[in-house]
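Chemist: A structural model of the following input is requested.
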Amino acid sequence: MAAKAITVATAVNQALTAAFEQDDRTYLLGEDILDPYGGAFKVTKGMSSRWPERVLTTPISEAAFTGIAAGMALRGARPVIEIMFGDFITLAFDQIANHITKFSMMYNGGVECPVVIRAPMGGGRGYGPTHSQSLEKHFIGIPGLNVAPISRFHDLDSFYSHFILKESRPTLIIENKKMYGQEYIGTVTEHRIFNVDLKGGPIPSVLLTPVSTGKADVCLISYSGGGDIAIDAAEELLMEHEIHTSVLILGSLSPLPLTVLEEAITDVSQVVVVEEGSRVSGIGAEIAAALMEQCFHKLRAPIQRITSGDGIIPCAADKEARFLPGPKSVIDQVLRMPGVS
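Modeler: Okay, here's the model as predicted:
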């Protein structure tokens, strides 16, 4: 009998629950995370009933409960904090940039501060300018901080277990809001018209290549919810335009998996980076710069970027859809590229 389909939100809940079952040093802090509400996206539902002493609701002060988590981590706990909407992580920026990520280096490795910060990012749900942003680009340049985006193809039990129970550095986990309600796929070897392979580790990236050839003319690089946009675009490019396209879904944004990136772009003619954040100084810019530095000789054309628009994210569904990247914007960009269509 096939396993019952579950949503990504349920898969994250199960992964958090598994971590709590394995280690009683784990704690969860955040706003409105107690039952029966279970958080804004119901990801923590049921956890406070099982562990009332370790699932702690907090006042509306991201700076305060992030600082509390830092102190807990310094004392040996393994705290996880939930930022209700990723947009609100700006209120905890000082704690992250000037404290949590600095302690270990300031004390010459004598202390560790392995705080895990879960941040729901992204639009597509009509939440408007201050509840729909993708702000992860502002964190990838902070030394000492892991930035790791989940996808529907990652083994989320292993993903969360690694960062919550094993990692010595603080970690920002990017959870795409729209993805919460989508079906969780997990580790598979095939998906639709693609072969699926895991590349690198300990948190792998996911490489999808056309089943028909195993090779590609174009490589789309993305992460989190952008991975699904890239997959939809790659499928249409093959079926409607006979352009063989691979998709690399990153498991880490900081540090970047440079070896995986280099292998993924080998032998392709064009590279496009897809991200939901804004264009200037974005994830795509960093990936493009890294690839130019590491493997310029393998690039056959300039790397292209697909991002959201320049401005605020609208509430209205039609305007939001035009503002955010989608399969059509990716396809149009690929078809404009010389030597592809």
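Chemist: Dump the C-alpha coordinates for the longest helix seen in the chain into CSV.
Modeler: Under DSSP state H, the helix in the chain containing the largest number of residues is helix 225-241. The C-alpha trace of helix 225-241 is given here as CSV (Å, rounded to 0.1, in the frame of the first residue of the first chain):
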residue,chain,number,x,y,z
GLY,A,225,9.5,27.3,-3.4
GLY,A,226,11.5,28.4,-6.4
GLY,A,227,12.4,24.8,-7.1
ASP,A,228,8.8,24.0,-8.0
ILE,A,229,8.6,27.0,-10.3
ALA,A,230,11.8,25.8,-12.0
ILE,A,231,10.4,22.2,-12.4
ASP,A,232,7.2,23.4,-14.0
ALA,A,233,9.2,25.6,-16.4
ALA,A,234,11.7,22.8,-17.2
GLU,A,235,8.9,20.4,-18.0
GLU,A,236,7.2,22.8,-20.4
LEU,A,237,10.5,23.7,-22.0
LEU,A,238,11.0,20.0,-22.8
MET,A,239,7.5,19.1,-23.8
GLU,A,240,6.6,22.2,-25.8
HIS,A,241,10.0,23.5,-27.0
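Chemist: what sits against residue 184?
Modeler: 5, 6, 7, 8, 10, 11, 152, 156 (CB atoms under 8 Å, 6 or more residues apart in numbering). C-beta: built from backbone N, CA, C; applies to glycine.
Chemist: Narrow the residues you listed to just the buried residues.
Modeler: Neighbour counting by 16 or more other CB atoms under 10 Å classes 7, 8, 10, 11, 152, 156 among the contacts of residue 184 as buried.
Chemist: The residue most central in space within the chain and residue 57, how far apart?
Modeler: Centroid-nearest residue in the chain: residue 149, 1.8 Å away (criterion: CA atoms, centre = their mean). Distance from residue 149 to residue 57, counting by CB to CB, to the nearest Å: 26 Å.
Chemist: Surely the residue nearest to the centre of the chain is in contact with residue 275?
Modeler: No - in this structure residue 149 lies outside contact range of residue 275 using CB atoms under 8 Å: 10.1 Å.
Chemist: if we can go back for a sec, of the buried ones among the contacts of residue 184, which is the nearest to residue 34?
Modeler: Distance to residue 34 across these (CB to CB) is lowest for residue 10, with 18.4 Å.
Chemist: That closest one should be in a strand, yeah?
Modeler: No - using DSSP: H, G, I helix; E, B strand; the rest coil, the assignment for residue 10 is helix, not a strand.
Chemist: what ranges do the strands span in the chain?
Modeler: Under the criterion DSSP state E, strands of the chain are mapped to 26-30, 55-57, 78-82, 116-121, 146-149, 171-176, 190-191, 194-199, 205-210, 218-223, 245-250, 270-274, 304-306.
Chemist: so which of those gets nearest residue 20?
Modeler: Nearest to residue 20, of all these, is strand 26-30, at 5.0 Å by CB to CB.
Chemist: partner strands of that closest one, parallel or antiparallel?
Modeler: strand 55-57 (parallel), strand 78-82 (parallel) (DSSP bridges).
Chemist: Could you list the low-pLDDT ranges of this protein?
Modeler: 1-3, 341 (pLDDT under 70).
Chemist: Got the domain ranges for it?
Modeler: Domains of the chain are assigned by automatic domain parsing as 8-181, 190-336.
Chemist: where's the last one relative to the chain centroid, distance-wise?
Modeler: Using CA atoms, centre = their mean, to the nearest Å, we find the averaged C-alpha position of domain 190-336 to lie 14 Å away from the chain's own average C-alpha position.
Chemist: and what of the longest one?
Modeler: For domain 8-181, the distance from its own C-alpha centre to the chain's C-alpha centre is 12 Å (CA atoms, centre = their mean).
Chemist: Would you work out how far apart the start and end of it are?
Modeler: End-to-end distance for domain 8-181: 6 Å, by CA to CA, to the nearest Å.
Chemist: Switch the strands of the chain over to a markdown table; also include distance to residue 162.
Modeler: A markdown table is the format used below for those (distance: least, CB to CB, whole Å):
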| stretch | distance to residue 162 |
| --- | --- |
| strand 26-30 | 13 |
| strand 55-57 | 21 |
| strand 78-82 | 12 |
| strand 116-121 | 10 |
| strand 146-149 | 9 |
| strand 171-176 | 9 |
| strand 190-191 | 23 |
| strand 194-199 | 14 |
| strand 205-210 | 14 |
| strand 218-223 | 17 |
| strand 245-250 | 15 |
| strand 270-274 | 25 |
| strand 304-306 | 29 |
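Chemist: Among those strands, which comes closest to residue 229?
Modeler: Smallest distance to residue 229 across the strands of the chain (CB to CB): 5.8 Å, for strand 270-274.
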